[in-house]
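Trainee: Predicted model, plus sequence, below.
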Amino acid sequence: MNINPSPKQQQDFMSMPDVKPVFMVNLLKFRPKGVEIYQEYIKKVAPLLKEVGGELIWSGKPLGILIGPENESLWDAMLIVRYPDKMALAQLGGNPEYPGHLRTEALEDSRLIACAQLDFSQS
């Protein structure tokens, strides 16, 4: 499963363009009792996130798929976190107080997708 980035994924992430801000889309599948552990992770990571200028923008639980494969299983939770830049995320993960063990204990599978903001609004 995909819980933590591989060294290559970390290297590829650091090679991405340095967009400001960078949004991280988190897709999460929990282990049994993982929701409670992840809530503890969020509580402990929140002050560290704030320290690097990051912010949890949105979190939610998928309800269903309107467009997509009918047999595709839903993720248990989705989050969008905004960071000032990719270095802020690297600083968060490198902080000795970062509670990554809780995230690892909580998750069965995950995706962490780096995104740049697009403006589709009509001017």
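Mentor: Looks like it arrived, so ask away. Numbering: from 1, shown residues only.

Trainee: in the protein, which ranges drop under the pLDDT threshold?
Mentor: 123 (pLDDT under 70).

Trainee: From Phe120, how far off is the spatially most central residue of it?
Mentor: Note on the chain: the residue nearest the mean C-alpha position is Asn26, at 3.4 Å, using C-alpha atoms, centre = their mean. According to C-beta to C-beta, to the nearest Å, Asn26 and Phe120 sit 22 Å apart. In short, each C-beta sits where N, CA and C put it, glycine included.

Trainee: what helix or strand is Leu79 on?
Mentor: Counting by DSSP states H and E, the element that carries Leu79 is strand 77-83.

Trainee: Could you check the angle the next helix-or-strand element following that strand makes with strand 77-83?
Mentor: Next helix or strand after strand 77-83 toward the C-terminus (DSSP H and E): helix 86-94. Using axes from the mean of the first three to the mean of the last three C-alpha atoms, to 10 degrees, the direction of helix 86-94 lies 120 degrees away from that of strand 77-83.
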